[in-house]
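Trainee: need a structure here:
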Amino acid sequence: GKWLLNIKADCVQTDWPKVRNAIVDGKLGLVAKISDAPDKRGHVVCIYCPNFLDKDEVLRIRRAIRNDVGLERNSILRFKLDA
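Mentor: Numbers count the residues shown, from 1 in each chain. Sure thing, here's the model as predicted:
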């Protein structure tokens, strides 16, 4: 599964590096990606969870997005299953 959120186009230069650094530091899952062109809500960010059936891991990544990366404040955070 993956967590989905939007980063406003004018915030991408400061917010995307926070996601990248959290991936490198092991605070999020192993992979994240960002859209190359913004839509009306901004750039879409996907933060992948290795196993969507592992509730503890899914919630740990959600807490890290909110607390360590600090991006939830500007976006609706949604989870999508990759099933």
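
Trainee: what sits against the closest residue to residue 81 other than its chain neighbours?
Mentor: Excluding the flanking residues, the one nearest residue 81 by C-beta to C-beta, 6 or more residues apart in numbering is residue 1, at 4.8 Å. Yep, even glycine has a C-beta here, placed from its N, CA and C like the rest. Applying C-beta atoms under 8 Å, 6 or more residues apart in numbering to residue 1 gives the contacts 48-49, 52, 58, 79-83.

Trainee: what helices and strands are in contact with the lengthiest helix in the chain?
Mentor: Longest helix of the chain, by residue count under DSSP state H: helix 12-24. The contact analysis (3 or more C-beta pairs under 8 Å, 6 or more residues apart in numbering; DSSP states H and E) places helix 12-24 against strand 32-34, strand 43-48.

Trainee: any chance of those in a markdown table with mean pLDDT, distance to residue 63 and mean neighbour count as columns?
Mentor: Shown next, in a markdown table, are these (pLDDT from 0 to 100; distance: least, C-beta to C-beta, whole Å; neighbours: other C-beta atoms under 10 Å):
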| stretch | mean pLDDT | distance to residue 63 | mean neighbour count |
| --- | --- | --- | --- |
| strand 32-34 | 95 | 16 | 16 |
| strand 43-48 | 94 | 12 | 20 |
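
Trainee: out of these, which is closest to residue 11?
Mentor: Among the helices and strands packed on helix 12-24, strand 43-48 comes nearest to residue 11, with 8.9 Å by C-beta to C-beta.

Trainee: whichever helix or strand comes after the closest one - what's its average pLDDT?
Mentor: From strand 43-48 onward toward the C-terminus, using DSSP states H and E, the following helix or strand is helix 55-64. For helix 55-64, mean pLDDT is 94.
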